[in-house]
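Undergrad: Pasting a predicted model and its sequence here:
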Amino acid sequence: MKEEMVFIKPDIEAINRRYTDDEKRIEYEARMKAIHDFNQGMYEAEERGAERGRKEGHKEGLREGRQEERKENIKSMMKYLPIEQVAKIMKITVTEVQTIINS
């Protein structure tokens, strides 16, 4: 019987080592997956933020462009029309027209 124990004992040790190695491997894989998931989440959040920034920047650029075009139109009209008429056409006050032509 003692000889059988010798054969069984190395197998049990091998199983215990494998269990420990498998446990370590599983822990390692779980840690690597968590790191990957975190990095992927950060990347996706950054991409969403960049896209949102591009959209907001585009909207702001359009808004500024329209304002600039409006200023240029008012300044052009002022060459040929009285300030009151320009204000009426542009649907703004005379004070606003004055502010625009002085800017």
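TA: Done, it's in.
Undergrad: gap between the lowest-mean-pLDDT helix or strand in the chain and the chain center?
TA: Scoring the helices and strands of the chain by mean pLDDT, DSSP states H and E places helix 2-78 at the bottom, with a mean of 82. Distance of helix 2-78 from its chain centroid, counting by C-alpha atoms, centre = their mean, to the nearest Å, is 12 Å.
Undergrad: Check which helices and strands whichever helix or strand comes after that helix sits against.
TA: Heading C-terminal from helix 2-78, the first helix or strand you meet, by DSSP states H and E, is helix 83-90. Under the contact definition 3 or more C-beta pairs under 8 Å, 6 or more residues apart in numbering; DSSP states H and E, helix 83-90 sits against helix 2-78, helix 94-102. Every C-beta, even on glycine, is put in place using the N, C-alpha and C of the backbone.
Undergrad: Okay, buried residues for helix 83-90 please.
TA: Val86, Ala87 (16 or more other C-beta atoms under 10 Å).
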